[in-house]
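Colleague: Any chance you could fold what I've pasted below:
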Amino acid sequence: MPVLNERTYLEHAVASVLAQDVGVPTELVLALGPSSDGTTELAQRLAATDDRIRLVDNPAAHIPVGLNAAIGASQYATIVRVDAHSELSPGYAQRALQTLERTGAANVGGVMRAEGRAPFQKAVARLYNSPVGLGGGAYHGSTDEGEAESAYLGVMRREVVEEVGMFDETIRRGEDWELNLRIRQAGHRVWFDPDLSVTYWPRESWLRLARQFRATGAWRGELVRRFGRSNGVRYFAPPALVLLVAMAVIVAGLQLSGVLSGVFSLVASIVIYAPLALYLLLVFAVAFAPGGGGVRQRLWTLIVLPTMHLSWGLGFLGGVLRGARGTVDASRLGTRNTPLP
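Modeller: Take a look at the predicted model:
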């Protein structure tokens, strides 16, 4: 479990791991980044109460570096990746081990079930769980078991992870997708089991969400630069939206200045404005669909959905054009947290 500024969530995440009963010895290795909110001190207190918890340093604060450090310090044949912003469902590890054995896969993952507390976080969580929000990856709600492109978090055979060279420490986001690509290229299978689920707590503020999605988009753009067609078509929808918005601004300026008029103005309006109008209708439809929560949650949805798409799309375009260039997820730095109930 890589950990950085997760004082709010760490204790709950650790408790969900230690509650797993798989009938064999287990350990939890926390890779501690340089937190500024008391997370390290909390981790040390937790480790002092349970000898299954081990601590390793991750001074670089990068997720793949921390994951490799934790795996290197671990001693067992199966690696269960856990996010400090998440909680494993009861029986998760046992079910995953059974699925590994049953399918012969090298990596098994399940469903990310996002949840929220305040209206903003609930709006984000609802969009995480929707194909409209994050593009319809299997782990965002599919019910069909089978081979998959990647796995959320993942329960992995250590020998395979070591065989393919561990996590690529030059990739700051999307490192799991890239690892699973190498696993599949090596002839192994990645498997999705919808009966596995992990609770994920999204970012709690608009700025942190925008920063997170911009960084994630930038690294997806970097992965497109590196791996091209191995990336799914769905990753290109948000940058297409960004380009459409940019073209709409340009066309509007030309129309207002009189440079663009007549039939050319009409054609440009149909080609540019009509798709944007359809997108806005989609945003409103999602916000006010049944199950959208209270008024505040629905209003946040109107803001959150375009924020997710545009932030990710902007990051993606930058990543494709000039590379991610060491972009970090600034939403994880200098956080101000409030306790979970």
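
Colleague: need the helices for this structure, in chain order.
Modeller: Using DSSP state H, the helices found in the chain span residues 7-18, 39-49, 63-73, 92-103, 119-128, 131-134, 158-163, 175-185, 206-227, 237-257, 262-268, 274-287, 295-322.

Colleague: Which among these is found nearest to residue 195?
Modeller: For the helices of the chain, the distance to residue 195 is smallest for helix 92-103, at 6.1 Å, taking C-beta to C-beta. Every C-beta, even on glycine, is put in place using the N, C-alpha and C of the backbone.

Colleague: follow-up on the earlier one: the helices of the chain: lowest mean pLDDT?
Modeller: Here the lowest mean pLDDT among the helices of the chain goes to helix 131-134, at a mean of 84.

Colleague: which strands and helices sit next to that helix?
Modeller: Helix 131-134 makes packing contacts with helix 119-128, helix 295-322 when contacts are defined by 3 or more C-beta pairs under 8 Å, 6 or more residues apart in numbering; DSSP states H and E.

Colleague: Would you mind finding the most buried of those helices?
Modeller: Burial of the helices and strands packed on helix 131-134 is given as mean neighbour count (mean count of other C-beta atoms under 10 Å); helix 119-128 ranks first at a mean of 23.

Colleague: what distance separates it from the centre of its chain?
Modeller: Using C-alpha atoms, centre = their mean, to the nearest Å, we find the averaged C-alpha position of helix 119-128 to lie 14 Å away from the chain's own average C-alpha position.

Colleague: helices or strands up against that helix?
Modeller: Applying 3+ C-beta pairs under 8 Å, 6+ apart, one finds that helix 119-128 contacts strand 107-114, helix 131-134, helix 295-322.

Colleague: now the last one against helix 274-287, angle please.
Modeller: Computed by axes from the mean of the first three to the mean of the last three C-alpha atoms, to 10 degrees, the angle separating helix 295-322 from helix 274-287 equals 140 degrees.

Colleague: ok, now the first one?
Modeller: Counting by the same axes, to 10 degrees, strand 107-114 lies at 80 degrees to helix 274-287.

Colleague: strands paired with strand 107-114, and their directions?
Modeller: strand 155-157 (antiparallel), strand 190-200 (parallel) (DSSP bridges).

Colleague: And the ones you listed: which comes nearest residue 52?
Modeller: strand 155-157 (17.3 Å).

Colleague: For the residue nearest to residue 312 when sequence neighbours are not counted, give its distance to residue 310.
Modeller: For residue 312, ignoring the flanking residues on the chain, the nearest one in space by C-beta to C-beta, 6 or more residues apart in numbering is residue 217 at 3.7 Å. Using C-beta to C-beta, to the nearest Å, one gets 9 Å for the distance from residue 217 to residue 310.

Colleague: thinking again about what came up before, packed most tightly, which of the helices of the chain would that be?
Modeller: helix 119-128 (a mean of 23).

Colleague: ok, residues contacting it?
Modeller: 112, 114-116, 133-134, 140, 200-206, 209, 286, 291-294, 296-298, 300-301, 304-305, 308 (C-beta atoms under 8 Å, 6 or more residues apart in numbering).

Colleague: what do you get for stretch 94-104?
Modeller: Here stretch 94-104 makes contact (C-beta under 8 Å, 6+ apart) with 20-23, 78, 80, 105, 108, 110, 155, 157, 189, 191, 193, 195-196.
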